[in-house]
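Enquirer: Predicted coordinates and the sequence they were generated for:
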Amino acid sequence: MEEEPKNNGYMEPLRRAIEAQGLTVTTQQGKGRCLTTTVDFSPGQVIISQEPYASAPSNGTINSFCDGCFASGGLKFCSKCRVARYCGSGCQKLEWKLHQLECEALVGLGKDRREMLTTSIRLMVRLLLRRRLQYEKVIPTTATDNYELVEALEAHMSELNEEQLVLYAQMANLVRLVLPSTEIDVKNITMNFSRLACNAHSICDSELRPLGTGIYPVISIINHSCLPNSVLTFEGKLAMVRAVEPIPKGTEVLISYIETAGSSMTRKETLRKQYFFTCTCPGCMKVDAYADLRETAILEGYRCKDNKCDGFLFFNSDDRVFICQQCGLFRDEQEIKQIESEVEQLSSFAAKLLSSGDNIKASTLYKTIEKHQMNLCHSLSVKLLRTRESLLKIMIDLNDWREALTCCRLILPVYKRVYRKIHPMLGLQYYTCGKLEWFLEDAENALKSLTRAVDILRITHGSNTSFMRDLFNLLDEARAEATHRLSDCMACWINRPVHSVVPGLKTSLPPTAADWKIKTR
Ligand SMILES: C[S@@+](CC[C@H](N)C(=O)[O-])C[C@H]1O[C@@H](n2cnc3c(N)ncnc32)[C@H](O)[C@@H]1O
């Protein structure tokens, strides 16, 4: 049901600013503000793009990123504060107005406080400093770039539990220690942390590796759906929302806030905990309750004891056994618990090995976990999927293309089931598959996989980034190589020595391109 939007001062200027882009802000009961189209959008079309109001790079031990553009490699610390890092003088100059204030605050901090400068703390410090720069008119304010828009973001303060409230208040106190002169009190900074928790976006590169965090006040008006009509990606720090299906005018723009691989129960739980709402999207409101239970059992439950049966199990709480819904075989709860606890122990050990950089030992352990899970979980299980994703990453790091490709091909059917046809994760998985096939000199399969990757990623990522240009080049190379091999093969066939023809047999026609495709499938 449509509600009359509250008469907030920022709203009319914002509406006027986005109307030329075919967008407006509406309000719905139970959802709050919604970004709504006033024109039709087609798949791949950019609906809205925005630079962050404030952002902070991740400060991991392995990877670090430029404060300006989030690039990695060849970074130099700011010589004064030795906290901010830059890829060059260009970014340093662009960031200077804000960093000048940040730098003064950071220089005076002792070692123990510097160690507390997490990405969230830095983001809040930068948010407050940007506010100050705009209030003092050092930098301009626009209808889509002002602190009022940040204050209008949903904070859900009354829904926070004690633990969250205490944590945000402690973080707010730390921010005030870094910025003692800020006009914003601890209560308001605490509320801002709560806002960031349900509005900030993780900024990722084209391959969805996290680089940092940013707050984009207009993009944050977009609500969630597990079956979204749009997708959010980043070009550097610039957030881009693109349509993934035809969106008629008058439709709400929706993106997914969470990893959607999982049952509707798991998704609902995640959304309730972090975003304080109950999802009522078509993906979560399935009318067929049995289909929902079956999906949960397949994605998150257990497999039939009989290796030849691909059935999933339902739990019978009276007898405390699991029953295969395909062949009726029972599986004991204790046996399942036993394997599950072993897998849990092995997984935490494997994760430790991985973070210590011991890829070889980690790969052996993950293979053992995979074996256990193949005995425990359905072939489309999300738990098994996660193990294979870790294995794939390790195998790529170890340059073991063959094993990596095996993993990649096992992951694909699960992605096809849990993600929509046009989804960045699916596109990127085809891309990885194609690249591995290319490395393994399988040009024909590389061509197929890369074509599928391009079909998806040109919609989710656009065509104009260096990542996509590299992908187009790789696709061209694979196409040229596959065509070359095809013509070589045909030439071999035509020029084969006469004695290779069995005397007396009728000569068959040379293979056509269509025959070749069938042959290589
Ligand atoms: C990033 S904000 C989205 C914009 C928000 N509606 C507003 O008015 O600021 C996220 C919050 O919006 C609400 N929200 C987002 N998607 C929703 C949905 N599908 N159903 C109900 N509420 C939703 C929740 O309160 C959530 O914490």
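Expert: Done, it's in. Numbering: from 1, shown residues only.

Enquirer: near the ligand, which residues of the stretch 51-200 of the chain?
Expert: By the criterion of C-beta under 6 Å from any ligand atom, the positions of the stretch 51-200 of the chain lying close to the ligand are 153, 154, 156, 198, 199. Every C-beta, even on glycine, is put in place using the N, C-alpha and C of the backbone.

Enquirer: which ones among those are found in helices?
Expert: Among these, the ones falling in helices (DSSP state H) are 198, 199.

Enquirer: Now render the residues of the stretch 51-200 of the chain next to the ligand as TSV, adding pLDDT, neighbour count and distance to residue 65.
Expert: Converted to TSV, these look like this (pLDDT from 0 to 100; neighbours: other C-beta atoms under 10 Å; distance: C-beta to C-beta, whole Å):
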residue	pLDDT	neighbour count	distance to residue 65
153	97	20	25
154	96	17	28
156	98	17	29
198	96	18	24
199	98	21	21
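
Enquirer: For the ligand, what's the nearest residue on the stretch 1-150 of the chain?
Expert: residue 32 (2.8 Å; C-beta to the nearest ligand atom).

Enquirer: I am assuming that residue contacts residue 156, so please confirm or correct that.
Expert: No - counting by C-beta atoms under 8 Å, residue 32 sits too far from residue 156 to count as a contact (10.5 Å).

Enquirer: what does the average pLDDT come to for stretch 75-87?
Expert: Stretch 75-87 shows a mean pLDDT of 95.

Enquirer: which other residues reach it?
Expert: Contacts of stretch 75-87 with the rest of the structure, by C-beta atoms under 8 Å, 6 or more residues apart in numbering, involve 57, 64-69, 71, 73-74, 92, 95, 99, 102-103, 106-107, 114, 117, 122.

Enquirer: could you redo the last one with a cut-off of 6 Å?
Expert: Contact with stretch 75-87 is made by 64, 66, 67, 68, 71, 92, 99, 103, 106, 107, as judged by C-beta atoms under 6 Å, 6 or more residues apart in numbering.

Enquirer: what's the residue closest to the geometric middle of the protein?
Expert: residue 208 (5.2 Å; C-alpha atoms, centre = their mean).

Enquirer: List phi and psi for that residue.
Expert: For residue 208, the backbone dihedrals (degrees, to the nearest 10) come out as phi 60, psi 30.

Enquirer: Quick one, grab the pLDDT at the closest residue to the ligand within the stretch 351-500 of the chain.
Expert: Nearest to the ligand, among the residues of the stretch 351-500 of the chain, is residue 420, at 16.4 Å (C-beta to the nearest ligand atom). As summarised for this prediction, residue 420 has a pLDDT of 95.

Enquirer: so how many other residues sit close to the residue lying closest to it once chain neighbours are set aside?
Expert: Once flanking residues are discounted, residue 420 sits nearest to residue 227: 6.7 Å by C-beta to C-beta, 6 or more residues apart in numbering. Under the neighbour criterion other C-beta atoms under 10 Å, residue 227 is assigned a count of 13.

Enquirer: Does residue 227 touch residue 283 like I think?
Expert: Yes - between residue 227 and residue 283 there is a contact under C-beta atoms under 6 Å: 4.3 Å.

Enquirer: OK, contacts around residue 212?
Expert: By C-beta under 6 Å, 6+ apart, the residues touching residue 212 are 55, 56, 57, 58, 70, 203.

Enquirer: same thing with residue 230?
Expert: Contacts were defined as C-beta under 6 Å, 6+ apart; by that measure residue 230 touches 47, 241, 243, 253, 255.

Enquirer: Counting by contacts, list what the lengthiest helix in the chain packs against.
Expert: The helix that spans the most residues within the chain, counting by DSSP H, is helix 466-494. In terms of contact count using 3 or more C-beta pairs under 6 Å, 6 or more residues apart in numbering; DSSP states H and E, helix 466-494 is assigned the packing partners helix 443-460.

Enquirer: by how many degrees do the helix it packs on and helix 466-494 diverge?
Expert: Angle of helix 443-460 versus helix 466-494, following axes from the mean of the first three to the mean of the last three C-alpha atoms, to 10 degrees, is 150 degrees.

Enquirer: which parts of helix 443-460 are buried?
Expert: With burial defined by 16 or more other C-beta atoms under 10 Å, the residues of helix 443-460 counted as buried are 443-450, 452-454, 456-460.

Enquirer: Stretch 79-94 too?
Expert: When burial is assessed from 16+ other C-beta under 10 Å, stretch 79-94 yields the following buried residues: 81, 83, 84, 85, 86, 87, 91, 92.

Enquirer: Check stretch 324-331 too.
Expert: Burial within stretch 324-331, assessed by neighbour count using 16+ other C-beta under 10 Å, is assigned to 324, 325, 331.

Enquirer: Contacts made by that stretch with the rest, please.
Expert: For stretch 324-331, the surrounding residues in contact (C-beta under 6 Å, 6+ apart) are 304, 305, 306, 309, 311, 312, 313, 314, 321, 322, 323.

Enquirer: What is the nearest of those residues to the ligand?
Expert: Among these, residue 312 lies closest to the ligand (C-beta to the nearest ligand atom), at 28.7 Å.

Enquirer: ok, residue 267 - contacts?
Expert: Contact criterion C-beta under 6 Å, 6+ apart gives residue 226 as the residues in contact with residue 267.

Enquirer: which SSE is it in?
Expert: Element membership of residue 267, judged by DSSP states H and E, is helix 264-275.

Enquirer: just checking, next helix/strand downstream of that helix?
Expert: Toward the C-terminal end, the helix or strand that comes next after helix 264-275 (DSSP H and E) is helix 289-300.

Enquirer: Let's see that next one as PDB, backbone CA atoms only.
Expert: Presented in PDB, the C-alpha positions along helix 289-300 are these (Å, rounded to 0.1, in the frame of the first residue of the first chain):
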ATOM      1  CA  ALA A 289       5.000 -25.200   1.400                       C
ATOM      2  CA  TYR A 290       6.200 -28.700   0.300                       C
ATOM      3  CA  ALA A 291       8.400 -27.200  -2.400                       C
ATOM      4  CA  ASP A 292       9.900 -24.800   0.200                       C
ATOM      5  CA  LEU A 293      10.700 -27.700   2.600                       C
ATOM      6  CA  ARG A 294      12.200 -29.700  -0.200                       C
ATOM      7  CA  GLU A 295      14.400 -26.800  -1.300                       C
ATOM      8  CA  THR A 296      15.600 -26.400   2.300                       C
ATOM      9  CA  ALA A 297      16.300 -30.100   2.600                       C
ATOM     10  CA  ILE A 298      18.300 -30.100  -0.600                       C
ATOM     11  CA  LEU A 299      20.300 -26.900   0.000                       C
ATOM     12  CA  GLU A 300      20.900 -27.200   3.700                       C
END
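
Enquirer: Quickly note the distance from the closest residue to the ligand within the stretch 101-250 of the chain to residue 397.
Expert: Of the residues in the stretch 101-250 of the chain, the one nearest the ligand is residue 223, at a distance of 3.3 Å by C-beta to the nearest ligand atom. Applying C-beta to C-beta, to the nearest Å, the value for residue 223 to residue 397 is 38 Å.

Enquirer: So if I had to pick from the two, which one is more boxed in?
Expert: With other C-beta under 10 Å as the criterion, residue 223 and residue 397 differ in neighbour count, and residue 223 comes out ahead with 20 against 14.

Enquirer: could you list every residue that touches residue 322?
Expert: Shown in contact with residue 322 (C-beta under 6 Å, 6+ apart): 302, 313, 315, 331.

Enquirer: Surely the third one is within a strand?
Expert: Read it as residue 315. Yes - Residue 315 forms part of a strand when assessed by DSSP: H, G, I helix; E, B strand; the rest coil.

Enquirer: Return the residues in contact with it.
Expert: When contacts are counted by C-beta under 6 Å, 6+ apart, residue 315 touches residue 322.
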